[in-house]
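J.: okay, here's the prediction I keep looking at, along with the sequence it came from:
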Amino acid sequence: MLHIDFSFWNETSIRGFSSLLSIIDGKTRMLWNFPTASKWVPLEIIEFFFGALSKENIPVLGVRVDKDGALANNTEFSDFLLARSIPLESTGGYASFLNGKIERPHRMIANMVRAMLLNSGLPNNLWCYASETAADIYRYTHHYTIDMIPYESWYGTKPHINNLQVWGCYVYVQVPDAKKLDHHVTRGYFLGFTKSRLIVRWFDPATKTVKHASAVCFDELNTKLYSTDTLSPGALILLGMTPTLTSDTCVDIINHPHLENAPFTISLQLPCQGVGLGCFICNDTYYNLPYISSFTSGTSLATQLLQHGQYNYSFWILSINSREFITAAKVIKYLRSIQVHDTMTYVSAIFAHRVASTQTSLSSNCAVFNQIRLSRSPVDDSISPLVVVPVGMKIVSSPVHPDTPSHFGATYQSPFASDWHDALFQNYDKMLSTGTFSAPILRTSVPPRKSIL
């Protein structure tokens, strides 16, 4: 059973995102967060997620959503599940607690995002990066109900937490192709890891852009707020001091899409069956909303729309008779289905002035790819387990860099001679226990065109 919630945020992020799709597995409590620019249900993300589950042979037994949310009231979302034979469950009106498996984590993510922004002093439009890191922390945190962490419950193995860093801390990045007299290191703010965990995202305060780097060094102790250049609350706590918050953040979840203009309601007059409405309805694949691109002058629709704009305006179609749509084809199909043969009818429609986006879906796709890390293959007991042999057997810490021996015999004269000796014998015992020694073969059994070193 998947519990899904789709929320709108009151701040448009630096990547153009203003909503968040959260999906949690009811059994393992595994959570996925997908920040998106969609102003309505992002069906393409849900379809991609279900397809990834199908490739892992993980069936979706059902979906539960909040009755008062955007998912339960969306016609195309219910049609999408019906076409795939996936039952949809919804809570009762004003009973979000019945979907608490996603409602509570969803609210927790919002609280964590605000805490990260307050601790770093970074701009509110970076909330989308904080939400992805918050989802990582949630997956790595012990869950009382299942008595383990969701990551271990889903993958069957404990995660490596060495790459967990304080979000918004200082990060020193190597400058590529720096000249001899230029600085070879620049400083920014850590915004989380990518899917590979080898590349970090960081905020460059000089250019106010988000960049990627692999050669970095973190400084969590001396991090200063981006806005006031004073030590962050987290840094003060690490220093044993009591922080005092002098700033606030207004990032929060809202009950409606983040629109550039206020919506308005009109009583739309539908002509008789077979007669057009006098407008062109198109798809906006970036925001997942249909819109009226142009309309014919002199019609009833044009008269009402011109009260809220001009002829060169386009308008979002938010709702028709309390039905919400994602594509223009569904809007047209519904309007034709309610047209009467010999008389005009009226419907209640909600519109809003549309502002087209200049961004592409690349950022949204990257956010989806960054969250999809399923790889939960079933374990076959008939196959012997894979032996993982570590490369390093012994790590020695030294305050100074040891001298490089000029010959093999000088190794015994170094202060780390005993450590080197122990590591060799530990490596021998490891190879002996795992059976990784090569077996001897006869010289006559050497394959043709092969030489013996």
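T.: Cool, got the structure.
J.: please identify the helix or strand for the nearest residue to K330 once chain neighbours are set aside.
T.: Spatial nearest neighbour of K330, excluding adjacent residues (Cβ to Cβ, 6 or more residues apart in numbering): E76 at 5.6 Å. Where C-beta positions appear, they are placed from N, C-alpha and C, glycine not excepted. In the assignment (DSSP states H and E), E76 maps to helix 75-83.
J.: with D422 instead?
T.: In the assignment (DSSP H and E), D422 maps to helix 417-434.
J.: then E132?
T.: E132 belongs to helix 127-139 when elements are defined using DSSP H and E.
J.: quick check: buried residues in that helix?
T.: W127, C128, Y129, A130, S131, E132, T133, A134, A135, D136, Y138, R139 (16 or more other Cβ atoms under 10 Å).
J.: ok, stretch 208-218 next?
T.: V210, A213, V216.
J.: equivalent analysis for stretch 322-330, please.
T.: Neighbour-count burial for stretch 322-330 flags E324, F325, I326, T327, A328, K330 (criterion: 16+ other Cβ under 10 Å).
J.: dump these into a markdown table; add distance to A83, pLDDT and secondary structure as well.
T.: Formatted as a markdown table, the buried residues of stretch 322-330 follow (distance: Cβ to Cβ, whole Å; pLDDT from 0 to 100; DSSP: H, G, I helix; E, B strand; the rest coil):
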| residue | distance to A83 | pLDDT | secondary structure |
| --- | --- | --- | --- |
| E324 | 18 | 79 | strand |
| F325 | 16 | 83 | coil |
| I326 | 14 | 81 | coil |
| T327 | 14 | 84 | coil |
| A328 | 19 | 88 | helix |
| K330 | 13 | 86 | helix |
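J.: these: which two are farthest apart?
T.: Maximum pairwise distance in the buried residues of stretch 322-330, criterion Cβ to Cβ, is 13.4 Å, between E324 and A328.
J.: now the angle between helix 127-139 and the longest helix seen in the chain, please.
T.: Secondary structure of the chain read by DSSP state H shows that its longest helix is helix 100-120. Between helix 100-120 and helix 127-139, the angle comes out at 120 degrees (axes from the mean of the first three to the mean of the last three Cα atoms, to 10 degrees).
J.: tell me the mean pLDDT over helix 100-120?
T.: Helix 100-120 shows a mean pLDDT of 81 in the predicted model.
J.: stretch 209-229 too?
T.: Rounded mean pLDDT across stretch 209-229 is 83.
J.: and for stretch 178-193?
T.: 82.
J.: just the buried residues of stretch 322-330 now: which is nearest D422?
T.: Nearest to D422, judged by Cβ to Cβ, of the buried residues of stretch 322-330 is I326 at 64.2 Å.
J.: pull the contacting residues for that closest one.
T.: Residues in contact with I326 (Cβ atoms under 8 Å, 6 or more residues apart in numbering) are W40, V41, L43, N74, E76, F77, N288, L289, P290.
J.: how about H353, nearest residue that isn't a chain neighbour?
T.: Leaving out its chain neighbours, the residue that sits closest to H353 by Cβ to Cβ, 6+ apart is N261, at 4.0 Å.
J.: okay but the one you found is in contact with V355, surely?
T.: Yes. Assessed by Cβ atoms under 8 Å, N261 is found in contact with V355 at 7.3 Å.
J.: before we move on, back to that, and which of the buried residues of stretch 208-218 is nearest H341?
T.: For those, the nearest to H341 is V210 (56.6 Å; Cβ to Cβ).
J.: next, the closest one: phi, psi?
T.: phi -100, psi 130 (degrees, to the nearest 10).
J.: who does it form a beta bridge with?
T.: Per DSSP bridges, the residues bridged to V210 are F203.
J.: thought it was touching F203?
T.: Yes. Contact status for V210 versus F203: in contact at 5.7 Å, counting by Cβ under 8 Å.
J.: what is in contact with the two at once?
T.: L126, L191.
J.: how near is G121 to C250?
T.: 14 Å (Cβ to Cβ, to the nearest Å).
J.: looking at those two, which is more packed in?
T.: Ranked by neighbour count (other Cβ atoms under 10 Å), G121 and C250 place G121 first, with 20 against 9.
J.: which residue sits closest to that one, ignoring its sequence neighbours?
T.: Closest residue to G121 apart from its sequence neighbours, by Cβ to Cβ, 6+ apart: L225 at 3.2 Å.
J.: how about the one you found, phi and psi?
T.: Recorded main-chain torsions at L225 are phi -60, psi 140, according to degrees, to the nearest 10.
J.: same deal with D5?
T.: phi -140, psi 140.
J.: next: G298.
T.: According to degrees, to the nearest 10, G298 has phi 90, psi -10.
J.: in the stretch 151-300 of the chain, which spans are strands?
T.: Along the stretch 151-300 of the chain, counting by DSSP state E, counting those that start in this stretch, strands occupy 170-174, 185-193, 200-204, 209-213, 216-219, 253-254, 264-270, 279-284, 289-295.
J.: what packs against the second one?
T.: Read that as strand 185-193. The contact analysis (3 or more Cβ pairs under 8 Å, 6 or more residues apart in numbering; DSSP states H and E) places strand 185-193 against helix 127-139, strand 170-174, strand 200-204.
J.: residues contacting the residue lying closest to T230 once chain neighbours are set aside?
T.: Once flanking residues are discounted, T230 sits nearest to K224: 6.0 Å by Cβ to Cβ, 6+ apart. Listed by Cβ under 8 Å, 6+ apart, the contact set of K224 reads Y170, T230, L231, S232, A235.
J.: buried members of the residues you listed into PyMOL, please.
T.: Under the burial definition 16+ other Cβ under 10 Å, those of the contacts of K224 that qualify are selected in PyMOL by:
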select buried, resi 170+231+232+235
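J.: now, the most widely separated pair of the contacts of K224?
T.: The two members of these with the most space between them (Cβ to Cβ) are Y170 and T230, at 13.5 Å.
J.: give me the number of residues near G51?
T.: Count around G51 with other Cβ under 10 Å applied: 10.
J.: kindly report the same for G240.
T.: 6.
J.: for it, what are phi and psi?
T.: Dihedral angles (degrees, to the nearest 10) for G240: phi 80, psi 20.
J.: ok, R114 - how many residues close by?
T.: Per other Cβ under 10 Å, the neighbour tally for R114 reads 18.
J.: could you report the separation of it from M108?
T.: 11 Å.
J.: so what pairs up with the closest residue to D25 other than its chain neighbours in the strands?
T.: Leaving aside its sequence neighbours, D25 sits nearest to L2 (Cβ to Cβ, 6+ apart; 6.3 Å). The partner list for L2 in beta bridges (DSSP bridges) reads D25, V63.
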